[in-house]
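[1] Prediction below, plus the sequence it came from.
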Amino acid sequence: MGARLATRDTTKEDATATMALTIRRLTTADAAEFHALRQEGFRLHEREFRFAPEDEAHLTLAEVAARLARDFAVGAFEGESLEGVAGLAGFAGVKTKHKALLWGMYLRARHRGAGGADALMAALMEHARGTYEIVTLTVMRDNERARRFYERWGFAIYGVEPASVKTAEGAYLDEALMALRFD
């Protein structure tokens, strides 16, 4: 399961600055920064995640570190700062171990549109191709930007779960179920 992960740099140039992101597998030492970034994503993007900050706020750093040790999670770093994350969790059952769930894709807004999400996905897919036959994910059906991103990577919608999520304001959100099968 220890797939070799090449370092990738993505660069976005504008009139004022150049930002380079380096992608690497997260380790247990990244638990605190990983946890803080997930909490940020849940807080800032309530309609894009099925989790709320309070769902994971109680987790200890040991529990977060255990997840990083168990799953294949990657991070996008700008220098030493964690700017984006994504993970793969393999299914454990004898009949389902050929599948993985892509979870927790989040990239800070200032890095979107500059190749950071593609670099995170490339690292996940590099690992997945050698380990699994199918990768699944869920995405809010009305999150068109994320759906188009996943479709560009070969994922296709195979169903919709109606009213999968209920926001704090009482709005119901449908989730699109997507899958990618490797040939």
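    Nice, thanks for sending it over.
[2] Closest to the centroid, which residue in this protein?
    In the chain, the residue lying closest to the centroid (Cα atoms, centre = their mean) is M105, at 2.0 Å.
[3] Kindly provide the distance from it to P162.
    Separation of M105 from P162 (Cβ to Cβ, to the nearest Å): 22 Å. No exception for glycine: its C-beta is placed from N, CA and C like everyone else's.
[4] just checking, G113 is part of a strand?
    No - secondary structure of G113 (DSSP: H, G, I helix; E, B strand; the rest coil): coil, not part of a strand.
[5] number of nearby residues for it?
    Counted with other Cβ atoms under 10 Å, residues neighbouring G113 total 11.
[6] circling back to that earlier point, host element of the nearest residue to the residue nearest to the centre of the chain once chain neighbours are set aside?
    Spatial nearest neighbour of M105, chain neighbours left out: A86 (4.3 Å); criterion: Cβ to Cβ, 6 or more residues apart in numbering. Per DSSP states H and E, A86 falls inside strand 81-90.
[7] can you check H58 too?
    H58 belongs to no helix or strand, assigned by DSSP H and E.
[8] A73 is in contact with the residue nearest to M105, correct?
    Yes - contact criterion Cβ atoms under 8 Å: A86 and A73 qualify, at 7.1 Å.
[9] overlap in contacts of the two?
    Both A86 and A73 are contacted by G104, under the criterion Cβ atoms under 8 Å, 6 or more residues apart in numbering.
[10] Tell me if I'm right that E33 and E83 touch.
    No - between E33 and E83 there is no contact, the gap being 10.0 Å when judged by Cβ under 8 Å.
[11] No further queries at this time; thank you.
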